[in-house]
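>>> structure, please.
(chains A and B)
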Amino acid sequence: MGKRKKVIAFFRELGFQLDITRFDDRLIAQKVVCLLELKGIDLGYPCSIYVRGPYSPELTRDLYEFSNEFRQGETGTQLDSQEKATAHQLEHIFGLQPVLLEVGATYGHYTIKERYSPLEAQTRVKRLKPFYPETQVAVGISKAKEFLFEPTTRDLDELKKETSIWQRAALRSLEE
Amino acid sequence: MHHDVLSIVNESQALNAKMFSLVRLKLIASLAALGPDGATYRELKAALEINDGVLYSNLNVLKDFGYLTSEKIIFEGKELELFAVTSQGLDEWARTREWLCKFLQCGG
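Got it, this is the predicted structure:
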């Protein structure tokens, strides 16, 4: 029974007040939960791929059954500091935009849960969501990468090497 | 293994024979999983890879049976058609699944 309370706590932290009659809101709720699960937060609503992309039918049941609690943000659950930071990061990166959340969650599911290569995952996202413009798909995927994948020390070193030429050139131009 | 194959076969008389089309089974199975949330026409088309003519006519058949409802919604400034399963549709899908399971366990 308690698991929905944690979801409500996340929604509160995100400033998201669910109106169950709105399609956009139900979509945001699903994709936020799937992204948080992909990020490693166990909310008890595992997502699988359905016609709407990553989705939790159990969450749908609870959203409808306890729609008042979700609308009013009724929860006794407190998020810890790390969970709050994750909520803020999600809000900062996706801004609760339904299309970006949907593309991001779908890409994340294919790469993390189904272990497809980035290219294959991108192809599958486009196949499942052909109605979204290329630009929105590209932005959604980029945001998923930002939210779900932390760069390793090696990634950062390689990035540093790659950008050092321009950094040196920029410094030289300041000296001249 | 069941031995009374005939009685299992005859139990199918309680089902809606018109449900036994691959497209309709795909649609009802997909929408049953989503409950009242439903899915839009374009989501069904893309995910199930069904062309417009076949998809539209089969969705209408399922609506005529009372197994689906549809409504117009606005999403990102676009008007979309959202389809959701009804309780009657869920009941029929449950009966169909139950019978298919029994039938398949009969073996070859």
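>>> for the residue positioned nearest the centre of chain B, give me its contacts.
With the centre of chain B defined as its mean C-alpha position, the nearest residue by C-alpha atoms, centre = their mean is B:Ile28, 1.8 Å away. Applying C-beta atoms under 8 Å, 6 or more residues apart in numbering or on different chains to B:Ile28 gives the contacts B:Met19, B:Leu62, B:Tyr67, B:Leu68, B:Val85, B:Gly89, B:Glu92, B:Trp93, B:Thr96. In short, each C-beta sits where N, CA and C put it, glycine included.
>>> distance of it relative to chain A?
Spatial separation of B:Ile28 from chain A under the definition C-beta to the nearest C-beta, to the nearest Å is 12 Å.
>>> that's a helix at that residue, yeah?
Yes: assigned with DSSP: H, G, I helix; E, B strand; the rest coil, B:Ile28 falls within a helix.
>>> the worst-scoring helix or strand of chain B on mean pLDDT: how far from the chain's middle?
Using mean pLDDT, DSSP states H and E, the weakest-scoring helix or strand in chain B turns out to be helix B:5-11, at a mean of 81. Here helix B:5-11 is found 23 Å from its chain centre; the criterion is C-alpha atoms, centre = their mean, to the nearest Å.
>>> so B:Tyr67 is in contact with B:Ser87, correct?
No: the criterion here is C-beta atoms under 8 Å, and B:Tyr67 misses it with B:Ser87 at 9.6 Å.
>>> between those two, which is the more surrounded one?
Taking other C-beta atoms under 10 Å in any protein chain shown, B:Tyr67 and B:Ser87 do not tie; B:Tyr67 has more neighbours (25 against 10).
>>> quick check: closest non-adjacent residue to that one.
If the residues on either side of it in the chain are set aside, B:Tyr67 comes closest to B:Gly89, at 3.1 Å by C-beta to C-beta, 6 or more residues apart in numbering or on different chains.
>>> fine by me, thanks again.
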